[in-house]
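> coords please:
(2 chains)
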Amino acid sequence: MVTSYSKTQYEKVFDLYFKYGNIVIRPLTNDEQALNELVAICDTDEKYALVDELLSRFYYMDDDDYQKRIGQIADHIMDMKYEPKKTVVMAMAHDHESDGSQDVLNALQAALELKGYSGFATNSRMDQKVERNHYNKGIRNFVIVDDFIGTGRTALNRYRSFINDLNKKDIHVSFCIVSGMRFGVDYCHHNRMPLFCPLQLDKGLSGVYKGFDLSVKVFAMKELEMNLARRVGELDLADYSMGWGKAESLFFREGRNVPNNVFPIFWWKKYRDGRDRKTLFTRRQNGY
Amino acid sequence: MTGVIGKRYLQEDRMDIREVSIQLLKDLYSSESGLLPYTLYKRYGVTPIVLVQIVKKYQNSGVIMMENNNRILLTNEGRENIEGLISSLLKKSGGQTVSAYLSNISKDKLDKRFPYLPSKRFFELIKEGERNG
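Predicted coordinates for the structure are as follows:
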């Protein structure tokens, strides 16, 4: 597809790619159409400045960074002094769907072994036969891992369900999540959920602005969202406005599914008129 | 006038980054105040992303620099080493010798009075871009 550029659009696309080329182009396809389309919906300088600003604050986690965070989690688990033979490390996945938590589990078990922590059990789901498979075999320490925490509501619900379902007094449960939103982590801590999260991020707009300045930015973002389809599959844009749970996330891990807590202008795949939209980041989830 | 000026590197073509690089270096050599990215787009149709890749490559090696107003310039080092740079690019593409190439730089420069007319398609694309905002 040939794109023809006006001077303004060319300069904007050039500028964004020059500054944020590491995150705005999918390495496998080198597809610049997504960037062109993002710039095209910025019909005022304020909206373009907002996109520019948000991209400048995106946290882009590459593989080296990811491994570093996995190492921090491994250190944390070892610091808890759980006896390996009485410990299971479980992915937070709760169904048969592929999940980022299983990725963490794989990386973490290698990191733990490397640090000399051996003999622990693993489980790629946290919802199956925990009593029979683990508790009845002497496991008392349950470390549950995931890749990203947004609002914290899902993690807290899983924690509460797990405690209630197992219903044992002599266990320790601890969550370790690679990255996430600071307000989500605080929410879990406030509800007495044991959680370790080595990378905590502030909200993309309300973590930076207050009062009138915040209102101006939010208004510009809502106007940008007006370009997006009200609904894609089973997903309502209203639920994802400013990111799921209004999380305002600016996070992306190299080569992975973008969290739904990220502002939808970066991943929502349909325009308001139903046309397909090329997006900077890719999201796959059921019903979308 | 050779066929170099006006040659376009649109997305639909298989872009030869080396060839665009030669053109870019050559144009920067001829320009003391530097060039805007859009100027290079107008000349060669090079996409923003390909242009950024080229600029970053030569910026990292100290050959070119970007000014705050986004003008692309040859550094002193780049200007001094232009022969070597173009020579290595030409060798890789199996083209003419550098001395022959550089001697064409002054010839290729457009005379102000030259009635240069880009292709009709070129104007259509520019207009289309302006309509798109």
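> Not counting sequence-adjacent ones, nearest residue to A:T279?
A:W267 (4.9 Å; C-beta to C-beta, 6 or more residues apart in numbering or on different chains). Glycine gets a C-beta too; all of them are placed from N, C-alpha and C.
> who's in contact with that neighbour?
Applying C-beta atoms under 8 Å, 6 or more residues apart in numbering or on different chains, we find A:W267 in contact with A:258, A:260, A:279-283.
> one more time with 6 Å, if that's ok
A:W267 makes contacts with A:258, A:279, A:281, A:283, as judged by C-beta atoms under 6 Å, 6 or more residues apart in numbering or on different chains.
> Share the number of residues neighbouring the third one, please.
Taking other C-beta atoms under 10 Å in any protein chain shown as the criterion, the count of residues near A:F281 is 19.
> Kindly report the same for the second one.
Under the neighbour criterion other C-beta under 10 Å, A:T279 is assigned a count of 20.
> What pLDDT does the model give it?
With respect to pLDDT, A:T279 scores 91.
> roughly how far apart are the residue nearest to A:M61 when sequence neighbours are not counted and A:D147?
Using C-beta to C-beta, 6+ apart and skipping residues adjacent in sequence, the residue nearest A:M61 is A:R253, 4.4 Å away. As judged by C-beta to C-beta, to the nearest Å, A:R253 and A:D147 stand 7 Å apart.
> Widest-spaced pair of the contacts of A:W267?
Between any two of these, the greatest separation by C-beta to C-beta is 8.7 Å, found for A:V258 and A:T279.
> Show me which of A:R253 and A:D147 is the more surrounded one.
For the pair A:R253 and A:D147, the greater number of neighbours falls to A:D147 (25 against 22), based on other C-beta under 10 Å.
> Count the residues that sit near the closest residue in space to that one that isn't next to it in sequence.
Nearest non-adjacent residue to A:D147, counting by C-beta to C-beta, 6+ apart: A:G100, 3.6 Å away. Residues lying near A:G100 (other C-beta under 10 Å) number 20.
> next one: A:K217
As a burial measure, A:K217 scores 20 neighbours (other C-beta under 10 Å).
> mind listing what A:R277 touches?
A:R277 sits next to A:269-271 when contact means C-beta under 6 Å, 6+ apart.
> Give me the buried subset of those residues.
A:269-270 (16 or more other C-beta atoms under 10 Å in any protein chain shown).
> With pLDDT and secondary structure added, can I get the contacts of A:R277 in a markdown table?
Shown next, in a markdown table, are these (pLDDT from 0 to 100; DSSP: H, G, I helix; E, B strand; the rest coil):
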| residue | pLDDT | secondary structure |
| --- | --- | --- |
| A:K269 | 95 | coil |
| A:K270 | 97 | strand |
| A:Y271 | 98 | strand |
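> Need the contacts of A:R277 in JSON lines (columns: distance to chain B).
Shown next, in JSON lines, are these (distance: C-beta to the nearest C-beta, whole Å):
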{"residue": "A:K269", "distance to chain B": "21"}
{"residue": "A:K270", "distance to chain B": "20"}
{"residue": "A:Y271", "distance to chain B": "15"}
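> between the contacts of A:R277, which is closest to A:H190?
Nearest member of the contacts of A:R277 to A:H190, counting by C-beta to C-beta, is A:K269, at 34.8 Å.
> Now do the closest residue to that closest one other than its chain neighbours against chain B, distance only.
Nearest non-adjacent residue to A:K269, counting by C-beta to C-beta, 6+ apart: A:R277, 5.4 Å away. Distance of A:R277 to chain B, given as C-beta to the nearest C-beta, to the nearest Å: 16 Å.
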